[in-house]
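Chemist: Show me how the following folds:
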Amino acid sequence: RREILTQLSESGFEVEAFPSVDGDEIFLKVGLDCDSEAIRLYAQKFDYRMPLAVSAYRVNSSADGKGCQEPLKDDYGRYVPAYQPYVREQDHLYGPFRPIDAIRLTVHRLSEIIRLHVLQDQKVIVRYFPAANFKQMEKLHEQLANFKK
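Modeler: Numbering: from 1, shown residues only. Down below sits the predicted model:
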């Protein structure tokens, strides 16, 4: 277990191990920080498609004024940006990495370096899954489950 924790940490992952409530299982939480260099490296390695930032439209609009000054908007007025594979040298053109990007890149990288299904078949691990953000789920629960509002 220590070897796995060490290798994951050295690969840029945030790693946390903690026991279950009754102490008969150990949970391992693995992820990428949205602001880390590691997430940028993996995004480029996997040609991960990222949304362009609104500022990228202004910077790259054509000199004759016919270029697009901002992304298109949907019927609700929300931006619908273009996506393109991430390139570290052009980091300023992209929007920030989101938690869903961190989850996707974590799963992609883990599946490349660890055969999780084999560990599961050998009963080394019970199961693996991408987890939701607890604080966001708690807030959603408060909003949806409180009928008095």
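
Chemist: How far away from the center of its chain is the longest helix that the chain contains?
Modeler: Scanning the chain for the helix with the most residues, using DSSP state H, yields helix 99-113. Relative to its chain's centre, helix 99-113 lies at 7 Å (Cα atoms, centre = their mean, to the nearest Å).

Chemist: Toward the C-terminus, what is the element adjacent to that helix?
Modeler: Using DSSP states H and E, the helix or strand that follows helix 99-113 towards the C-terminus is helix 116-121.

Chemist: Give the rounded mean pLDDT of the helix or strand that that following helix is followed by.
Modeler: Once helix 116-121 ends, the next helix or strand along the chain (criterion: DSSP H and E) is helix 134-145. Per-residue pLDDT over helix 134-145 has a mean of 73.

Chemist: by how many degrees do helix 134-145 and helix 99-113 diverge?
Modeler: Orientation note: helix 134-145 sits at an angle of 130 degrees relative to helix 99-113 (axes from the mean of the first three to the mean of the last three Cα atoms, to 10 degrees).

Chemist: in helix 134-145, what's buried?
Modeler: Across helix 134-145, burial judged by 16 or more other Cβ atoms under 10 Å covers no residue at all. Where you see a C-beta, it was placed from the backbone N, CA and C, and this is true even at glycine.

Chemist: Distance check, the spatially closest residue to residue 5 that is not a sequence neighbour against residue 32.
Modeler: Spatial nearest neighbour of residue 5, excluding adjacent residues (Cβ to Cβ, 6 or more residues apart in numbering): residue 15 at 5.3 Å. Residue 15 sits at a distance of 11 Å from residue 32 (criterion: Cβ to Cβ, to the nearest Å).

Chemist: No further queries at this time; thank you.
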